[in-house]
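**Student:** Just to be clear, the model below is a prediction. Sequence and coordinates:
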Amino acid sequence: MPLNSIPEAKIATVVFGFTSETRLPPGFGYLIPECEKRFTLGSLFSSNMFPGRAPENHILFETLVGGRRHPEKLELDDPTLISKAYDDVRTILKIREEPVFTEVLRPRSGIPQLERGYPALLNWRSTVQSSLAGLYICGFGWEGIGINDMIKHGSRVGEAILARDSVAETAAEVKGIYF
């Protein structure tokens, strides 16, 4: 394998729940440009994306903190993360009520960053799959971190498995820092 580890962006997720008094704008959420100098990276509107994610008459969204640009924020304790993240979302989303639910999630691994070593990693995967008929390597981060990237790649792999064929390769593309 060409890499012992894949560069990753570690984040903490601050989950907020509100009553239906608080309204989310339509869409999946938002990302905040670094030039705005905010505490958070953005928010994902879970209630908009996944009906039933929150109890009836409630909404839920997840706010991202840290990343490659601000790993020091991950050292903060949960109450501080919640307070600072809430200050950001309250201003951005014009929220007037206090959350009825908060939770800080701190995953052990991070979001893959498709940068140095990425083309070599894809070439390694291609070589291994070619040498071992019937082996298909698929998962988070291989062809991008977005849900659309993962669905496209998973669909291509599924179709190849059903057809007992090799997976159509995509060109390796080094990406910029995601978070």
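**Tutor:** Happy to help now that I have it.
**Student:** quick one: the helices in the chain?
**Tutor:** For the chain, applying DSSP state H gives helices covering 46-49, 78-93, 118-131, 147-163.
**Student:** Could you dump the ones you listed into JSON lines and include distance to Lys10 and mean pLDDT?
**Tutor:** Placement of C-beta: from N, CA and C, glycine included. Below are the helices of the chain laid out as JSON lines (distance: least, C-beta to C-beta, whole Å; pLDDT from 0 to 100):
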{"stretch": "helix 46-49", "distance to Lys10": "20", "mean pLDDT": "91"}
{"stretch": "helix 78-93", "distance to Lys10": "13", "mean pLDDT": "97"}
{"stretch": "helix 118-131", "distance to Lys10": "18", "mean pLDDT": "83"}
{"stretch": "helix 147-163", "distance to Lys10": "20", "mean pLDDT": "82"}
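**Student:** Residues touching the worst-scoring helix or strand of the chain on mean pLDDT, excluding its own?
**Tutor:** Every helix and strand of the chain was ranked by mean pLDDT, DSSP states H and E. The lowest is strand 111-112, at a mean of 80. If you take C-beta atoms under 8 Å, 6 or more residues apart in numbering as the criterion, strand 111-112 is touched by Ile6, Pro7, Glu8, Ala9, Lys10, Ile11, Phe140, Gly141, Ile145, Tyr178, Phe179.
**Student:** List just the nearest of those residues to Thr80.
**Tutor:** Taking C-beta to C-beta as the measure, Thr80 sits nearest to Ile11 out of these, at 15.7 Å.
**Student:** Domains in this structure, by residue range?
**Tutor:** Using automatic domain parsing, the domain ranges for the chain come out as 8-111, 113-179.
**Student:** Please identify the most buried of these.
**Tutor:** Greatest average neighbour count among those goes to domain 8-111 (a mean of 16), per mean count of other C-beta atoms under 10 Å.
**Student:** gap between that one and the chain center?
**Tutor:** 12 Å (C-alpha atoms, centre = their mean, to the nearest Å).
**Student:** What is the end-to-end distance of that domain?
**Tutor:** 5 Å (C-alpha to C-alpha, to the nearest Å).
**Student:** now stretch 41-53
**Tutor:** End to end - C-alpha to C-alpha - stretch 41-53 spans 22 Å.
**Student:** Throw the helices of the chain into TSV and include distance to Pro71, thanks.
**Tutor:** Output for the helices of the chain, formatted as TSV (distance: least, C-beta to C-beta, whole Å):
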stretch	distance to Pro71
helix 46-49	24
helix 78-93	13
helix 118-131	21
helix 147-163	24
